[in-house]
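Asks: Sequence and predicted structure, then a few things I'm wondering about:
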Amino acid sequence: MSEIHSQWLNLHADLRAWYARPAAAGPHPAVIVFIEAFGVNLHFQEVAERLARAGYCAIVPDIYHGKIYEYTDFQAAIAHLKSLDDQQVMVEAALALDALGERAEVRKDAIGALGFCMGGRYAFMANAIHARRLSATAAFYGGGIAPEKDAVGREPLLHLAPQMQAPLLLLYGAKDNSIQPDEHGRIASALSAADKRYTLTVFPAAGHGFFSDRRDSYHELAAKEGWRLTLDHLAQYLDGQA
C-alpha cells in the first residue's frame, strides 16, 4: 500500500478542506472531490485517501462548514442541501483549486473533479464554471442535473453543457428512484448536441448511493467497477493528458 499523508487545510477564514496526497514529492495530478449531502465524514476522508494511494492529490472542500449528518438523518441532511447556494459553492471550489495550485506536489495542468450525489451535480457544474482549470470530471449518481422538476428545488444544469471542456464520466444505478432513465437521456442529448466527450454508464441492480459501504444502498460490484472506471478515466485524461 502506497504511503500517503492526509490533513485538514484552512483555505479561508471560514472554509477548510480535507487533503490527502502521496508521500512522494511528485508532482502528482490532483482531484477536487465534492461531497454527498452528509458532510465531510469519514467516508469522504477515505475517498480522498484512496485517491492519494492511487497517485493523486485529493482535496475535499468542506462546503458544509463542519456540519456532518448520520446517513440515517436524511431529513436534516436534505435541509442543509437545500440551504446551499450554487454560486457560493463554486466560489469555495475555486478556493480549493487555488490551494491545489499553490502546492509544489501538484501538477497544475492535471486537475480533475469527482462528485457523489449532490456532489456529482457540483462536479458537473464545475466542469463548466471552472472549465479552464479541469481536465477530467466524474460524477456518481449526480442528482439535480436534469430533472423535469427537482424534488429540492434546484435549477437544472443542461444550459451549461456548451461551456464544458473536460471529458465527463457519468455513473448511475438502474434502481435509483431519484434519478429516472429519462433524465439520463436528457443529459446525453444535451452533451451530444454540445459536441462534448462523455461516457454514461448505468449499473443494473444498483440504487442511489451505491458507492458508499457505509450506506444500506451499497452495491459492492457496482462500487468496485465504478471506482475502476473512475481511476481509468482520471488516468487517461490527467496522467496521460489525452
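Replies: Nice, I can see it.

Asks: The closest residue to residue 45 other than its chain neighbours and residue 153: what is the separation?
Replies: In space, and not counting its chain neighbours, residue 45 is closest to residue 18: 5.3 Å by Cβ to Cβ, 6 or more residues apart in numbering. (C-beta placed from N, C-alpha, C; glycine too.) Note on residue 18: its distance to residue 153, by Cβ to Cβ, to the nearest Å, is 28 Å.

Asks: Which stretches in this protein count as strands?
Replies: Ranges of strands in the chain, per DSSP state E, are 4-12, 15-22, 28-34, 57-61, 106-116, 136-140, 168-173, 198-203.

Asks: Tell me which of the ones you listed is the most buried.
Replies: strand 136-140 (a mean of 29; mean count of other Cβ atoms under 10 Å).

Asks: nearest residue to the most centrally placed residue in the chain other than its sequence neighbours?
Replies: By Cα atoms, centre = their mean, the mean C-alpha position of the chain lies nearest to residue 115, the distance being 1.3 Å. Nearest non-adjacent residue to residue 115, counting by Cβ to Cβ, 6+ apart: residue 123, 3.1 Å away.

Asks: Counting neighbours, what do you get for the one you found?
Replies: For residue 123, the count of nearby residues is 30 (other Cβ atoms under 10 Å).

Asks: how close does it sit to residue 79?
Replies: 22 Å.

Asks: Where does pLDDT dip in the protein?
Replies: Along the chain, the model assigns pLDDT under 70 to residues 1, 240-242.

Asks: Okay, helices next: where are they in it?
Replies: Applying DSSP state H to the chain gives helices spanning 42-53, 74-83, 86-101, 118-129, 181-193, 220-234.

Asks: Give me the contacts around the second one.
Replies: For helix 74-83, the external contacting residues (Cβ atoms under 8 Å, 6 or more residues apart in numbering) are 37-39, 64, 67, 69, 118, 152-153.

Asks: From those, list just the buried residues.
Replies: 37-39, 64, 69, 118 (16 or more other Cβ atoms under 10 Å).

Asks: give me every residue that touches the nearest residue to residue 112 once chain neighbours are set aside.
Replies: Closest residue to residue 112 apart from its sequence neighbours, by Cβ to Cβ, 6+ apart: residue 136 at 3.8 Å. When contacts are counted by Cβ under 8 Å, 6+ apart, residue 136 touches 112-113, 166-167, 169, 233-234, 236-238.
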